[in-house]
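S.K.: can't give you the sequence, but here's the structure:
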């Protein structure tokens, strides 16, 4: 483990795994530690992964000021980690909600980003919205699966704000939903409620973020899961289109493609990163 003090003195921890060129990895949630990323489908066999425990999660300390859970403030945690690791530029991977801090980091520190990989990221920080019609249509694609009828009420309840139904709703975020997927969802269900509550506060204007990202010259890969409720492949393509060197791909699976299609995921990321 690597520990360091972030900009406000909060002590954060980063876990190092694997060998090869470095790849800094940000977990989503919001409010989840890095444990659920695992070795990213075997990517640690080819890359030295630096997996950050977000503030208030895993081995990292909780901040004195809960307002610092906001994604805009967490950008400075990423920069503090870069300084601690001594990288002039770094390849950066972010999953799901961590797509927010990663996008804002690229907008604020474009010269510090080598390659950027966004895995099933949130897209609203740049003004892309997933409509109710799109969400429902994607959910209904799972209607022929045996668990669908029993878990659909859980998904609706969780989407309406009932956090107690979150684990029961997880089949919609894995494809296929099998023993390995259920084990992953169950083992890594925990997240910080305080971090999740504060994460979306004080978000910069989407138009300003888009304008900054349009000037980022680093290669960017946006990965969508074929059956992920969000982002859909069309949203991933729209996000990639903001960047001069952005591209998007669709992988088998849903929100956690490295869990259900590990080899395909690792090969896609390694092929993008190269060298």
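M.R.: Sure thing, it's come through. Please read these numbers as outputs of a predicted model, since none were measured by experiment.
S.K.: can you give me the helices in the stretch 101-250 of the chain?
M.R.: Counting by DSSP state H, counting those that start in this stretch, the stretch 101-250 of the chain has helices at residues 132-140, 148-159, 179-187, 193-198, 206-213, 233-240.
S.K.: closest one to residue 7 among these?
M.R.: For the helices of the stretch 101-250 of the chain, proximity to residue 7 was assessed by C-beta to C-beta; helix 193-198 is nearest, at 16.6 Å. C-beta here means a position set from N, CA and C on the backbone, and glycine is covered the same way.
S.K.: what helices or strands is the closest one leaning on?
M.R.: Helix 193-198 is packed against no helix or strand, with contacts defined by 3 or more C-beta pairs under 8 Å, 6 or more residues apart in numbering; DSSP states H and E.
S.K.: make it 10 Å
M.R.: Counting by 3 or more C-beta pairs under 10 Å, 6 or more residues apart in numbering; DSSP states H and E, the packing neighbours recorded for helix 193-198 are helix 71-85.
S.K.: Which residues belonging to the helix it packs on are considered buried?
M.R.: Buried positions in helix 71-85, judged by neighbour count with 16 or more other C-beta atoms under 10 Å: 71-82, 84.
S.K.: ok so, going back, want to throw the helices of the stretch 101-250 of the chain into CSV with distance to residue 268?
M.R.: Converted to CSV, the helices of the stretch 101-250 of the chain look like this (distance: least, C-beta to C-beta, whole Å):
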stretch, distance to residue 268
helix 132-140, 21
helix 148-159, 28
helix 179-187, 19
helix 193-198, 29
helix 206-213, 22
helix 233-240, 13
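S.K.: Mean neighbour count, those: which tops it?
M.R.: Stretch with highest mean neighbour count among the helices of the stretch 101-250 of the chain: helix 233-240 (a mean of 20; mean count of other C-beta atoms under 10 Å).
S.K.: Show me which helix or strand of the chain is least confident by mean pLDDT.
M.R.: Lowest by mean pLDDT, DSSP states H and E among the helices and strands of the chain is helix 193-198, with a mean of 92.
S.K.: returning to that earlier point: among the helices of the stretch 101-250 of the chain, which one carries the weakest average confidence?
M.R.: Lowest mean pLDDT within the helices of the stretch 101-250 of the chain: helix 193-198, at a mean of 92.
S.K.: Excluding residues flanking it in the chain, which one is nearest residue 197?
M.R.: Once flanking residues are discounted, residue 197 sits nearest to residue 69: 7.7 Å by C-beta to C-beta, 6 or more residues apart in numbering.
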